[in-house]
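Chemist: Requesting a structural model of the entry that follows:
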Amino acid sequence: MGNTFGKLFRVTTFGESHGGAVGAVIDGCPPRLAIAREEIQLELDRRRPGQSSVTTPRDETDQVQILSGIFEGKTLGTPIALLVRNQDQRPEAYDHLKDVYRPSHADFTYEKKYGIRDHRGGGRSSARETVGRVAAGAVARKLLAELHQVEIVAWVRRIHDLEAILDPAAVQREAVEAQIVRCPDPEVAARMVERIHQLKEQGDSVGGVIEAVARRLPVGLGEPVFDRLEAELARAMLSLPAVKGFEVGSGFAGTYLTGSQHNDPFFLQDGNVRTRSNHSGGVQGGISNGEDLHLKVAFKPTATIARAQETVDRQGRSTELAAKGRHDPCVLPRAVPIVEAMMALVLADHLLRWRAQCG
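Modeler: Okay, here's the model as predicted:
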């Protein structure tokens with residue numbers, strides 16, 4: 001299975017949704033990086049369930065334990081093991097799913113591929129696995145800030161047909177975190193919350209788009225051909241549960257422009273080469289150009305809903321399923337720190353590769 005991500009900054013996640021614990025092992029983090037447990041916990045608190053009325057009521061505190069790799073507040077250069085125990089487990093809530101395939105879940109494909117599956121909340125296929133990504137991403141975020149003052153901010157741009165179109169250069173994390181739906185436009189955020197509550201009462205769910213920016217990147221991250229920076233970011237984002245689309249820069253909207261409209265003209269500012277526009281999203285030829293890295297990630301509606309749906313059981317018999325259990329009616333508010341974490345993991349890996357290659 002593909003449980004490891006990265007080349008120099010490598011992360012392996014482990015654990016199942018209703019197993020004993022989830023977490024990550026980081027290998028390749030440089031020594032002497034100052035990192036406190038509280039910095040990792042802060043990011044996990046942003047991801048954890050039960051944090052608001054628009055998220056799953058599963059009550060996990062997600063308290064992280066540092067098992068190795070950090071001593072007296074600094075990394076040792078050895079593998080960093082991070083563990084989060086599952087506490088609010090209710091595997092019995094999934095007994096009715098033991099012999100039934102949930103629509104648009106990995107139940108059917110996982111079982112056909114491996115001949116076995118953990119029906120308790122999807123096991124390894126559950127978004128609970130992203131706890132390890134967020135914990136590792138907190139370390140990557142600190143590394144980026146220390147080595148090159150890189151800042152990463154993500155926010156909810158759209159839920160269903162409610163959209164907040166903002167200047168990516170102006171969005172601040174404080175404004176994002178001020179809203180439970182993590183949309184920094186208060187007026188649109190209020191309508192988003194109302195829409196999520198409405199669909200939840202109807203036993204339904206909703207998806208949307210997360211927008212993100214990385215600021216103060218150096219020129220030179222990413223490599224031509226297969227390891228292009230946008231290709232690595234696409235792989236990272238499309239590996240997330242519920243993600244169905246990825247754009248960098250102008251994305252699909254750029255197809256409506258002409259070349260003269262879409263090109264980013266160069267100019268000199270204080271001795272540095274800059275671009276007057278940023279349709280490229282901070283990446284040209286697969287390599288960062290020093291402008292803000294700008295991307296969008298599309299999330300489908302949560303697949304587990306309370307409405308009756310047509311499905312089949314293990315014997316191929318037709319049946320109906322109205323799912324029970326505790327699920328997010330919309331994954332986007334909790335997915336914001338997950339998108340940031342995956343951005344941090346990609347950028348930290350490429351920053352170390354750039355420094356190793358180019359000094």
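Chemist: Just list the residues touching residue 250, thanks.
Modeler: Contact partners of residue 250, counting by Cβ atoms under 8 Å, 6 or more residues apart in numbering, are 257, 262, 279-281. Yep, even glycine has a C-beta here, placed from its N, CA and C like the rest.
Chemist: Please tell me which one of these counts the most neighbours.
Modeler: Per-residue neighbour counts (other Cβ atoms under 10 Å) across these peak at residue 281, which has 26 neighbours.
Chemist: Quick check: it vs residue 273, distance?
Modeler: Distance, residue 281 to residue 273, by Cβ to Cβ, to the nearest Å: 17 Å.
Chemist: cool, residue 99 as well?
Modeler: Distance from residue 99 to residue 273, by Cβ to Cβ: 61 Å.
Chemist: show me where the stretch 151-300 of the chain has strands.
Modeler: Secondary structure of the stretch 151-300 of the chain, counting by DSSP state E, counting those that start in this stretch: strands at 151-159, 162-163, 208-215, 243-248, 266-269, 272-275, 283-284, 287-288, 293-299.
Chemist: and residue 106, which of those is closest to it?
Modeler: Closest approach to residue 106 among these (Cβ to Cβ): strand 243-248, 13.5 Å.
Chemist: So which other helices or strands are in contact with that closest one?
Modeler: Judged by 3 or more Cβ pairs under 8 Å, 6 or more residues apart in numbering; DSSP states H and E, strand 243-248 is in contact with helix 229-238, strand 293-299.
Chemist: Deepest-packed of those, please.
Modeler: Mean neighbour count (mean count of other Cβ atoms under 10 Å) peaks for strand 293-299 among the helices and strands packed on strand 243-248, with a mean of 25.
Chemist: What pairs with it, parallel or antiparallel?
Modeler: strand 208-215 (antiparallel), strand 243-248 (antiparallel) (DSSP bridges).
Chemist: Please identify the deepest-packed of these.
Modeler: When the strands paired with strand 293-299 are scored by mean count of other Cβ under 10 Å, the highest mean neighbour count falls to strand 208-215 (a mean of 22).
Chemist: Run the angle between that strand and strand 151-159 for me.
Modeler: Between strand 208-215 and strand 151-159, the angle comes out at 160 degrees (axes from the mean of the first three to the mean of the last three Cα atoms, to 10 degrees).
Chemist: ok and strand 208-215 relative to helix 229-238, angle-wise?
Modeler: Taking the same axes, to 10 degrees, one finds strand 208-215 and helix 229-238 inclined to each other by 140 degrees.
Chemist: Fine by me, thanks again.
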